[in-house]
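A.B. asks: build me a model:
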Amino acid sequence: MDRQTEFVERLSAQIVQWEAEIDRLRYKAENAPDAEKRVYLGKVEGLQQKCKEAQVTLQGIGTEHVDALDDLKKGTEEVLDDVKGDLRDAILKVK
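C.D. replies: Numbering: from 1, shown residues only. Sure thing, here's the model as predicted:
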């Protein structure tokens, strides 16, 4: 398996895990007390948007030439780190 395919597969699996976690957070947010529900749902919506951005970035990697992979990998990892941090923060707040 080449580097590009391996990278895309690894990131795809990560996004699938995030989507599952976002679904769990949405369930918790929807069942939160009314005073907190709106804030939690807002955080979940933000996470979903960032996850979609990561998916778009990932799709771009599949179409890029291998020479551009290192640049794309760096940019993609920055997006993914952002999603990880926001997801971690949301998990801590939506309990």
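
A.B. asks: isn't Lys73 right up against Phe7?
C.D. replies: Yes: with contact defined as C-beta atoms under 8 Å, Lys73 reaches Phe7; the gap is 6.2 Å. From N, CA and C alone the C-beta is placed, and that goes for glycine too.

A.B. asks: between these two, which is the more surrounded one?
C.D. replies: Phe7 (19 against 16; other C-beta atoms under 10 Å).

A.B. asks: buried residues in the helix or strand where the more buried one lies?
C.D. replies: Per DSSP states H and E, Phe7 falls inside helix 3-30. For helix 3-30, burial by neighbour count (16 or more other C-beta atoms under 10 Å) applies to 4, 7-8, 11, 14-15, 18, 21-22, 25-26, 28-29.

A.B. asks: kindly report the same for stretch 36-56.
C.D. replies: Buried, per 16+ other C-beta under 10 Å, within stretch 36-56: 40-41, 43-44, 47-48, 50-51, 54.

A.B. asks: for these, give me CSV that also has distance to Pro33, secondary structure and pLDDT.
C.D. replies: Below are the buried residues of stretch 36-56 laid out as CSV (distance: C-beta to C-beta, whole Å; DSSP: H, G, I helix; E, B strand; the rest coil; pLDDT from 0 to 100):
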residue, distance to Pro33, secondary structure, pLDDT
Tyr40, 10, helix, 88
Leu41, 12, helix, 90
Lys43, 15, helix, 87
Val44, 16, helix, 89
Leu47, 20, helix, 87
Gln48, 22, helix, 89
Lys50, 26, helix, 85
Cys51, 26, helix, 85
Ala54, 31, helix, 81
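
A.B. asks: between those, which sits nearest Gly60?
C.D. replies: Taking C-beta to C-beta as the measure, Ala54 is the one of those closest to Gly60, at 10.8 Å.

A.B. asks: dump the residue contacts of the closest one.
C.D. replies: The contact partners of Ala54, taken as C-beta atoms under 8 Å, 6 or more residues apart in numbering, are 11, 15, 18, 76, 79-80, 83.

A.B. asks: check those and tell me the two furthest apart.
C.D. replies: Among these, Trp18 and Thr76 lie farthest apart (C-beta to C-beta), at 13.7 Å.

A.B. asks: hmm, back to that, from the contacts of Ala54, pick the one nearest Ile91.
C.D. replies: Trp18 (11.0 Å).

A.B. asks: if anything else comes up later, I'll come back, but that's it for now.
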